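Chemist: quick one: sequence plus predicted model below, questions after.
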Amino acid sequence: MTLTRLGDVVTVKSGFAFKSADWLDVGVPVIKIANVKDGWVTLDGCSFVSEAVAHSARVFELTKGDVLISMTGHIGQVAKVRDEGRMLLNQRVGRFSIKNRDRIDDEYLFQWLRLPEVRAVFEAHAYGAAQPNISPSLIEQQAIPLPPLPIQQRIASILATYDDLIENNTRRIAILEEMARRIYEEWFVRFRFPGHEGVRMVETELGLVPEGWSVQGLYDVADLTYGFPFKSNLFKETGEGLGVIRIRDIRNDYTATRTTEYVDLKYRVTDGDILVGMDGAFHMGRWAGGVAWLNQRVVRFRPKSRIPRSWLFWVTEEPIKTLEATIVGTTVAHLSARDLKEMRLLVPSEAALEAAGSVLEPMSDLELTLKKKNAVLRVTRDLLLPKLISGELDVSVAPDPEAVAA
């Protein structure tokens with residue numbers, strides 16, 4: 001297999017140097033380093049600019065298929081632009097442009113860049129003590145293995161199929177979440193639940209609510225468990241042990257942190273558990289990453305016997321968001337046990353809760369199934385990636401992604 005200098009087949013150019021005065025809360029989204037993550041462009045926490053500023057930076061507008069790389073801080077994170085809509089590229093995020101399509105396939109380039117050893121090479125060539133950086137020219141100096149173009153395209157096609165399946169499942173998950181959110185809001189915020197026409201409204205501390213509903217504390221409807229302070233010096237990324245869920249893992253449904261430390265079984269998390277981070281951003285999610293330990297500063301909600309788990313998630317989401325927006329710490333916001341004990345929730349009648357469970361629980365179960373399928377697809381793809389690119393595994397015997405996803 002031929003090794004070729006990357007700069008012989010591609011160029012890397014950084015994004016536009018926007019000014020601090022350009023940033024807005026709405027407008028045209030700008031992709032920064034934090035928006036390039038694990039192969040995907042995420043718009044979470046995105047910054048925006050006006051149409052006028054976007055016009056001045058129009059040559060930095062991204063197009064579908066663009067391959068991006070972070071060049072400062074978390075060096076070597078890559079992403080491919082898919083269907084995120086109109087976006088601009090910020091400085092210190094590089095964009096690859098193919099020089100010669102007879103020598104390199106752009107999807108193969110993207111998949112090669114995702115190899116952990118490739119990222120390690122970029123990190124090793126970084127400069128700067130406080131904030132590591134790598135330049136486009138340093139990236140272009142690295143060597144890439146280039147098998148014949150048909151082999152590149154076959155490798156890229158196999159791996160891209162896994163990505164497409166993951167993306168399709170992710171979209172289905174988003175649709176399910178939006179449907180569930182709308183049903184919850186219609187029934188339990190606007191009070192248009194089945195049979196609401198014949199129910200009288202009464203006054204409570206939370207205002208007018210349907211008769212038979214009550215205001216209760218979070219501890220009345222859920223059992224809460226606060227995470228255990230595991231010894232960080234026992235943490236590792238490979239080998240024996242059970243995963244440890246930290247705040248950053250909640251939304252990913254995956255933890256790379258493992259420990260052999262063994263504690264009370266009450267700290268074990270299982271699929272479907274509601275988790276909330278208690279520092280910084282109060283990340284909230286329904287875990288789908290398999291059995292793992294609950295780390296300190298992460299709290300788990302489990303519904304009491306008659307409470308649907310799906311309803312518990314939605315009824316607590318808005319209060320958690322409100323707390324995140326209002327709690328201010330000296331350096332980082334902290335969610336306390338006291339904050340959760342003081343949380344007041346509007347609890348529907350048993351009939352309304354039962355009706356909610358019959359509608360929302362199947363959606364939640366399907367969402368969990370899709371998340372678990374994605375986890376299997378990611379693991380399989382990540383195992384195939386180095387073997388296909390190195391030539392260790394012949395493309396003709398690579399497992400069928402559709403069979404893996406079944």
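Modeler: Received, thanks. What you see is a predicted model; the values in this text were computed from it and never measured.

Chemist: so for stretch 18-36, what gets flagged as buried?
Modeler: Within stretch 18-36, the residues scored as buried using 16 or more other Cβ atoms under 10 Å are 18, 22, 27-36. Quick note: C-beta positions are derived from backbone N, CA and C, even for glycine.

Chemist: please apply the same query to stretch 332-340.
Modeler: Applying a neighbour-count criterion of 16+ other Cβ under 10 Å, one finds 333, 335, 339-340 buried in stretch 332-340.

Chemist: so which of these belong to helices?
Modeler: Among the buried residues of stretch 332-340, the residues falling in helices (DSSP state H) are 339-340.

Chemist: does anything pack onto the helix or strand hosting residue 316? Which helices or strands?
Modeler: Here residue 316 sits within helix 309-326, counting by DSSP states H and E. Packing contacts for helix 309-326, counted by 3 or more Cβ pairs under 8 Å, 6 or more residues apart in numbering; DSSP states H and E, involve helix 149-188, helix 218-221, strand 274-277, strand 284-286, strand 298-303, strand 344-347, helix 350-390.

Chemist: check those for me and report the most buried one.
Modeler: Among the helices and strands packed on helix 309-326, ranked by average contacts under mean count of other Cβ atoms under 10 Å, first place goes to strand 274-277 (a mean of 23).

Chemist: quickly run through the sheet partners of it, with directions.
Modeler: The sheet places strand 274-277 alongside strand 284-286 (antiparallel), strand 298-303 (antiparallel), with pairing taken from DSSP bridges.

Chemist: pull the distance from the shortest one to the chain's centre.
Modeler: The reference is to strand 284-286. Taking Cα atoms, centre = their mean, to the nearest Å, the mean C-alpha location of strand 284-286 is offset from the chain mean by 11 Å.

Chemist: same deal with stretch 193-211?
Modeler: Counting by Cα atoms, centre = their mean, stretch 193-211 is centred 37 Å from the centre of its parent chain.

Chemist: do stretch 25-43 as well
Modeler: Worked out by Cα atoms, centre = their mean, stretch 25-43 lies 12 Å from the chain centre.

Chemist: quick one: secondary structure of residue 53?
Modeler: helix (DSSP: H, G, I helix; E, B strand; the rest coil).

Chemist: what's the closest non-adjacent residue to residue 122?
Modeler: residue 76 (4.1 Å; Cβ to Cβ, 6 or more residues apart in numbering).

Chemist: show me what contacts the one you found?
Modeler: By Cβ atoms under 8 Å, 6 or more residues apart in numbering, the contact set of residue 76 is 69-70, 113, 118-120, 122-123, 134.

Chemist: how about residue 398?
Modeler: Listed by Cβ under 8 Å, 6+ apart, the contact set of residue 398 reads 158, 384, 388.

Chemist: and it, how far from residue 348?
Modeler: The gap separating residue 398 from residue 348 is 51 Å, by Cβ to Cβ, to the nearest Å.

Chemist: show me what the strand or helix carrying residue 216 is packed up against.
Modeler: In this structure, residue 216 sits in strand 214-217 according to DSSP H and E. If you count contacts as 3+ Cβ pairs under 8 Å, 6+ apart, strand 214-217 packs onto strand 344-347.

Chemist: can you list contacts of the strand it packs on?
Modeler: The contact list for strand 344-347 (Cβ under 8 Å, 6+ apart) reads 188, 204-206, 209, 213-218, 220-221, 315-316, 319, 353.

Chemist: which among those end up buried?
Modeler: 188, 209, 213, 218, 221, 315-316, 319, 353.

Chemist: check contacts around the residue most central in space within the chain.
Modeler: Most central in the chain under Cα atoms, centre = their mean is residue 252, positioned 4.6 Å from the mean C-alpha point. Residue 252 is in contact with residue 289, counting by Cβ under 8 Å, 6+ apart.

Chemist: do residue 75 as well
Modeler: Residue 75 touches 119, 122-123, 126, 132-134, counting by Cβ under 8 Å, 6+ apart.

Chemist: so of those residues, which ones are in helices?
Modeler: Going by DSSP H, the helices hold 119, 122-123 from those.

Chemist: include pLDDT when you put those into CSV, please.
Modeler: Below are the ones in helices among the contacts of residue 75 laid out as CSV (pLDDT from 0 to 100):
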residue, pLDDT
119, 94
122, 95
123, 92
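
Chemist: buried subset of these as a ChimeraX selection?
Modeler: Of the ones in helices among the contacts of residue 75, the buried ones can be selected in ChimeraX as follows, counting by 16+ other Cβ under 10 Å:
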select :119,122
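
Chemist: quick one: which of the ones in helices among the contacts of residue 75 is nearest residue 166?
Modeler: Closest approach between the ones in helices among the contacts of residue 75 and residue 166, by Cβ to Cβ: residue 119, at 19.7 Å.

Chemist: who's in contact with that closest one?
Modeler: By Cβ under 8 Å, 6+ apart, residue 119 lies in contact with 75-78, 113.

Chemist: separation between it and residue 224?
Modeler: Per Cβ to Cβ, residue 119 is found 38 Å from residue 224.

Chemist: how much space separates the closest residue to residue 360 other than its chain neighbours from residue 60?
Modeler: Nearest residue to residue 360, sequence neighbours excluded (Cβ to Cβ, 6+ apart): residue 310, at 3.7 Å. Distance, residue 310 to residue 60, by Cβ to Cβ: 42 Å.

Chemist: so what are the structural domains in this protein, by residue number?
Modeler: 2-145, 147-190+354-406, 214-347 (automatic domain parsing).

Chemist: tabulate those (JSON lines), appending distance to residue 200.
Modeler: Listed next are the domains of the chain as JSON lines, based on distance: least, Cβ to Cβ, whole Å:
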{"stretch": "domain 2-145", "distance to residue 200": "41"}
{"stretch": "domain 147-190+354-406", "distance to residue 200": "17"}
{"stretch": "domain 214-347", "distance to residue 200": "15"}
